[in-house]
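> predicted model and sequence below, questions to follow.
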Amino acid sequence: GKDGDSIYITIKRPYIGNIKVGMVRNTIIDKAVPTYFMENDSTGYIKLYHFLYESSNSVRSKVTELKEKGMKSLVLDLRGNYGGLVKEAASTLSIFLPLNSLVCSVRGKDSTKNYSYNTLEKPVDTLMPITVLTDRKTISSGEIFAGCLKDYKRATIIGDTTYGKGFMQ
């Protein structure tokens, strides 16, 4: 269906029976960056929930805007980041790493299916100090993102151990 269409769902509930619920279809947009601001005169803060379609563009525009406001260091909050597309994580890393930096590589038993992701866009800032906040709900591409910044010595990671899914299925 399309946005605005009415739909009805029948839910079978034990001991109650069937319940019919009506809804109107609508596109739900989960913002990659729900909040960002200047913490003080020189420190910016960006909350990043996921690495889905266009999240890298959102982060890039927020970093650029905060730099225009005087940001000299950045806190990237990845707590609760549920991952997403590795390609978007690599694109987001392009903001902070030099062009063509290796983000991750995938190697399997069948070497014809091996591939890697590199940064493909011009960076905004490759020197600004970054602090990344993580927790046990930082998952998948969020772990790859944080680990890559750490490996390139671009960020200090603070927080709990991440979920542990920093690999590809």
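Looks like it arrived, so ask away. Numbers count the residues shown, from 1 in each chain.
> any buried residues in the helix-or-strand element of the chain with minimal mean pLDDT, and which?
Here the helix or strand of the chain ranked lowest by mean pLDDT, DSSP states H and E is strand 102-106, holding a mean of 87. Within strand 102-106, the residues scored as buried using 16 or more other CB atoms under 10 Å are 103, 104. Backbone N, C-alpha and C define where each C-beta goes, glycine included.
> could you check how far residue 61 is from residue 129?
21 Å (CB to CB, to the nearest Å).
> with residue 147 instead?
For residue 147, the distance to residue 129 - CB to CB - is 18 Å.
> tell me which of these two has more neighbours.
residue 147 (18 against 13; other CB atoms under 10 Å).
> by how many degrees do the helix or strand hosting that one and strand 102-106 diverge?
Element membership for residue 147, per DSSP states H and E: helix 141-151. Helix 141-151 and strand 102-106 are oriented at 130 degrees to each other (axes from the mean of the first three to the mean of the last three CA atoms, to 10 degrees).
> give me the residues contacting helix 141-151.
For helix 141-151, the external contacting residues (CB atoms under 8 Å, 6 or more residues apart in numbering) are 48, 50-51, 78, 81-86, 88-89, 92-93, 96-97, 103-104, 130, 132, 134, 138, 155-157, 162-166.
> assign a three-state SS to the closest residue to residue 19 other than its chain neighbours, would you?
In this structure, residue 19 finds its nearest non-sequential neighbour in residue 11, 4.8 Å apart by CB to CB, 6 or more residues apart in numbering. Following DSSP: H, G, I helix; E, B strand; the rest coil, residue 11 is assigned to strand.
> go on, residue 76?
Classification of residue 76 using three-state DSSP returns strand.
> what helices and strands are in contact with the longest helix along the chain?
If you go by DSSP state H, the chain has its longest helix at helix 55-68. On a contact count with 3 or more CB pairs under 8 Å, 6 or more residues apart in numbering; DSSP states H and E, helix 55-68 meets strand 35-38, strand 43-47, helix 86-93.
> can you put the ones you listed in JSON lines and add distance to residue 142, mean pLDDT and mean neighbour count?
Formatted as JSON lines, the helices and strands packed on helix 55-68 follow (distance: least, CB to CB, whole Å; pLDDT from 0 to 100; neighbours: other CB atoms under 10 Å):
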{"stretch": "strand 35-38", "distance to residue 142": "17", "mean pLDDT": "96", "mean neighbour count": "14"}
{"stretch": "strand 43-47", "distance to residue 142": "12", "mean pLDDT": "98", "mean neighbour count": "20"}
{"stretch": "helix 86-93", "distance to residue 142": "8", "mean pLDDT": "93", "mean neighbour count": "23"}
